[in-house]
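Chemist: sequence unknown, structure follows:
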């Protein structure tokens, strides 16, 4: 944003706030997808472990290999959730920066033409 006037900053703040509001749904959906993938992985692992033959440590590795695709799906969902969460935080930081710029610009406009700050 290069338009440092009150109206331009207000528009940028409004746009950022709208992105934050939409981001809540994105983060929520990503987290729900992660939980579903995590649950599916846990259940698949438990089934594979129970069905495997051998000693306990062998059954664990057999179950790990048998559920590699579920684990990958869970990891992808986790990465998507973390990205959405981090993007939401970045938008909140952007909003705070815009609010700071707004306060500064309002202060400058308040003293404009008074000979102060020149």
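Modeler: Cool, got the structure. Just so we're clear, the structure is a prediction, and the values are computed from it rather than from any experiment.

Chemist: any idea which residue sits dead centre in this protein?
Modeler: Central residue of the chain (Cα atoms, centre = their mean): residue 85, 1.5 Å from the mean position.

Chemist: that one and residue 29 touch, don't they?
Modeler: No: the pair residue 85 and residue 29 does not pass the contact test of Cβ atoms under 8 Å, sitting 11.8 Å apart. The way it works is simple: take the backbone N, C-alpha and C, and place the C-beta from them, glycine included.

Chemist: any idea which helix is longest in the chain?
Modeler: With secondary structure taken from DSSP state H, the chain has its longest helix at helix 6-51.

Chemist: ok, back up a step: which ones are touching the residue nearest to the residue nearest to the centre of the chain when sequence neighbours are not counted?
Modeler: Here the nearest residue to residue 85 in space, its sequence neighbours aside, is residue 27; by Cβ to Cβ, 6 or more residues apart in numbering that works out to 5.5 Å. By Cβ atoms under 8 Å, 6 or more residues apart in numbering, the contact set of residue 27 is 81, 84-85, 88.

Chemist: so which elements touch the helix or strand residue 107 falls within?
Modeler: Assigned by DSSP states H and E, residue 107 falls within helix 68-111. Under the contact criterion of 3 or more Cβ pairs under 8 Å, 6 or more residues apart in numbering; DSSP states H and E, helix 68-111 touches helix 6-51.

Chemist: now the angle from the helix it packs on to helix 68-111?
Modeler: With axes from the mean of the first three to the mean of the last three Cα atoms, to 10 degrees applied, the angle from helix 6-51 to helix 68-111 works out at 160 degrees.

Chemist: after helix 6-51, which helix or strand is next?
Modeler: Next helix or strand after helix 6-51 toward the C-terminus (DSSP H and E): helix 56-66.

Chemist: for that next one, which outside residues touch it?
Modeler: 44-46, 48-49, 52-54, 71.

Chemist: at 6 Å what do you get?
Modeler: With Cβ atoms under 6 Å, 6 or more residues apart in numbering as the test, helix 56-66 has contacts from 45, 48-49, 52.

Chemist: I'm done for today, thanks for sticking with me.
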